[in-house]
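Enquirer: heads up, no residue letters with this:
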């Protein structure tokens, strides 16, 4: 079976991602690779990842999300997570994912506004 | 095997879709249903469908795209297609898909601008 690909949309200087499939380990790793390549190819300055449809995450996925955030920063792109559900927030905290640099917003639109404000574009 | 779902992103009054999987018949029909439900649920006034990653379409998919455009209009949402590749354009024309009401743009960003201009929002 093919790994389902998570589409990455380019909108101006930013990339938008809405995760609407169940994130198994393989899909998450593929997504990590795709997103980093896309940031590099497009020279995007910001990324919004919308987790509205994600009910629950496990420690592996939390680690992948945390890693992709750090890696994006190294590539020069600011990441905003949106639509984090309570259970997902709990998992992220319990697993000690570093939230110091994490920007969040309630939905995709507010996430884009956050990027525009923080990046001054 | 599960039908891969095409994610539909809500951004303000609009919905954004980027088709980055191969559109088999079942996926296309599922997408049609999902999109119409989402337009109804969110009361969106416009939809941008980005076909940048679609190299080729067959007559069934062309019909589904044409239908979903007409149905969206009935629900009160304006649709803009973006990133149509030459081979896709040829197929749409050869199959006699009605292009009278079709708005197009080069990419997602210009598609959103087209909606904003045409809907005056």
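Expert: It's in. These figures come from a predicted structure and were not determined experimentally.
Enquirer: and chain A, which residues reach chain B?
Expert: Contacts of chain A with chain B, taken as Cβ under 8 Å from any Cβ of the partner chain, map to A:1, A:4-12, A:16, A:18-21, A:50, A:107-109, A:112. Every residue, glycine included, has its C-beta placed from N, CA and C.
Enquirer: Residue nearest the middle of chain A, spatially speaking?
Expert: In chain A, the centroid-proximal residue (Cα atoms, centre = their mean) is residue A:49; its distance is 3.6 Å.
Enquirer: residues contacting the closest residue in space to residue A:78 that isn't next to it in sequence?
Expert: Using Cβ to Cβ, 6 or more residues apart in numbering or on different chains and skipping the chain neighbours, the partner closest in space to residue A:78 is residue A:46 (4.7 Å). The contact partners of residue A:46, by Cβ atoms under 8 Å, 6 or more residues apart in numbering or on different chains, come to A:13-15, A:77-80, A:115, A:119.
Enquirer: mind running it again at 6 Å?
Expert: By Cβ atoms under 6 Å, 6 or more residues apart in numbering or on different chains, the contact list for residue A:46 reads A:14, A:77-78, A:115, A:119.
Enquirer: got the phi/psi numbers for residue A:53?
Expert: phi -90, psi 0 (degrees, to the nearest 10).
Enquirer: if we can go back for a sec, out of the residues of chain A next to chain B, which sit inside helices?
Expert: Among those, the residues falling in helices (DSSP state H) are A:108-109, A:112.
Enquirer: Buried ones only from the residues you listed, please, as a ChimeraX command.
Expert: Buried members of these, defined by 16 or more other Cβ atoms under 10 Å in any protein chain shown, are picked up in ChimeraX with:
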select /A:108,109,112
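Enquirer: Give the buried residues for stretch A:105-121.
Expert: Neighbour count says stretch A:105-121 has A:105, A:107-109, A:111-112, A:114-115 buried, by 16+ other Cβ under 10 Å.
Enquirer: In those, find the pair that's most separated.
Expert: The span of the buried residues of stretch A:105-121, defined through Cβ to Cβ, is set by A:107 and A:115 at 13.1 Å.
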